[in-house]
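Enquirer: got a predicted model here, sequence first, then my questions.
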Amino acid sequence: MRDKLIEYIKLVRLPGWGAYSIPAVFGALTTNSWNIEEIVILFFIGMLAAIFGFVLNDYADVKVDKMTPELSARPLVKGTIKPIYALYLSISAAILHYMVVFIFMLLGVFQTSIIAIVILTLAALLSTVYNLYGKKIVGSDVFVASATALYCLFGAYIVTDEPTGLTWIVVIVTFIQVLYLNAVIGGVKDADHDYKVGGRTFALYMGVRVDKKLTIPISFKIFALTLRTLSAFLLFLPFFIFKDFKYELWQPIVMILMFIGIYSATLKMLNLKIFDRQILRKLISMQAFLRYSVVPVMLIREIGYPIGLFLIIFPFLWFAIFNKILYGKAVQPDTL
């Protein structure tokens, strides 16, 4: 029983919940209408959305994952959980995250918002299309990026009818970040096996290949760095265009240092000559951790130091604890 429970914990990506459940929370925090109760519930909704997406993706990609030795420990790959049970779990999580929204609307915690429900539904549909058909459609990364950005926008509309300019910046930045994670990072880390099953990822379309060495074309590098630069530009924008935006001088300085680290890890990844999944995992982790922290640092004076520091520390502490318990490594993920 214990072993089966551990397999399900791995399947739902428990170590990543601290970060992957946050988009709707960030959306709410960019408004002036949120409270702690709403933030906690939105985190729970985001957790259910993450379970829905990750489990459905594993269900859809199980045949592809079986071709990669490094992914042999995944529950569906090694057969410790039957694919049909994974599908049931994914559908259950999707239904439950709707139920939670409606329950707290009825209780008056959230406002009754048709717009928020429409946004949530669009996000779920786009996530489903990506997870089921992502490997077959060139540029399908746009679907999952749009879905995550919509979850962020949902978080704003569930607490207010008037999202702020800051809301739209964070929503767009979320879209860019997830597009980068899937099209660039996902494309590179899966380049060794996607082509074997006729995958039509953007990375393969752009010429990323793994033969005797890892080949990443200049055009793909330009695309990746363009996304990084656009994200950086947007995250610094509130300091200059919003007169009522609260900040202290240390914030943009720290953000600059963080982006130096992000660009460094990005360039190292894009210039790798040998496909080594262990090295990729380290570079991906560095990029993800630094990039995630930029938004709380940017917002910390707007949302208050206690919540800002919590959002910076909690996801990494959560990840380190559960990743250490499950995989024996506090930092490096074992599920990429």
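Expert: Happy to help now that I have it. Numbering: from 1, shown residues only.
Enquirer: what is the host helix or strand of Phe26 packed up against?
Expert: In the assignment (DSSP states H and E), Phe26 maps to helix 23-29. Other elements packing on helix 23-29 under the criterion 3 or more Cβ pairs under 8 Å, 6 or more residues apart in numbering; DSSP states H and E are helix 36-65, helix 141-157, helix 165-179, helix 277-303. (Glycine included, C-beta is placed from N, CA and C.)
Enquirer: chain center to the shortest one: distance?
Expert: Helix 165-179 has its C-alpha centroid displaced from the chain centroid by 12 Å (Cα atoms, centre = their mean, to the nearest Å).
Enquirer: next, the angle helix 277-303 makes with it.
Expert: Between the axes of helix 165-179 and helix 277-303, defined by axes from the mean of the first three to the mean of the last three Cα atoms, to 10 degrees, the angle is 180 degrees.
Enquirer: alpha carbons of helix 165-179, as CSV, please.
Expert: What follows is helix 165-179, C-alpha atoms only, in CSV (Å, rounded to 0.1, in the frame of the first residue of the first chain):
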residue,chain,number,x,y,z
GLY,A,165,-2.3,47.0,-15.8
LEU,A,166,0.1,45.0,-13.6
THR,A,167,-2.3,42.0,-14.0
TRP,A,168,-1.9,42.0,-17.8
ILE,A,169,1.9,42.3,-17.6
VAL,A,170,2.1,39.3,-15.3
VAL,A,171,-0.3,37.4,-17.5
ILE,A,172,1.8,38.1,-20.6
VAL,A,173,5.0,37.2,-18.7
THR,A,174,3.4,34.0,-17.6
PHE,A,175,2.6,33.1,-21.2
ILE,A,176,6.2,33.9,-22.3
GLN,A,177,7.7,31.9,-19.5
VAL,A,178,5.6,28.8,-20.1
LEU,A,179,6.2,29.1,-23.9
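Enquirer: next one: the following helix or strand past that helix to chain centre, how far?
Expert: Using DSSP H and E, the helix or strand that follows helix 165-179 in sequence is helix 187-189. Here helix 187-189 shows a centroid-to-chain-centroid distance of 15 Å under the convention Cα atoms, centre = their mean.
Enquirer: helices and strands around helix 187-189, which ones?
Expert: helix 202-206, helix 277-303.
Enquirer: which residues does stretch 148-161 contact?
Expert: Here stretch 148-161 makes contact (Cβ atoms under 8 Å, 6 or more residues apart in numbering) with 23-34, 38, 42, 46, 49, 101, 110-111, 113, 115-116, 119-120, 122-123, 126, 163, 167, 170-172, 174-175, 178.
Enquirer: which of the residues in that stretch are buried?
Expert: Neighbour-count burial for stretch 148-161, with 16 or more other Cβ atoms under 10 Å as criterion, is recorded at 148-160.
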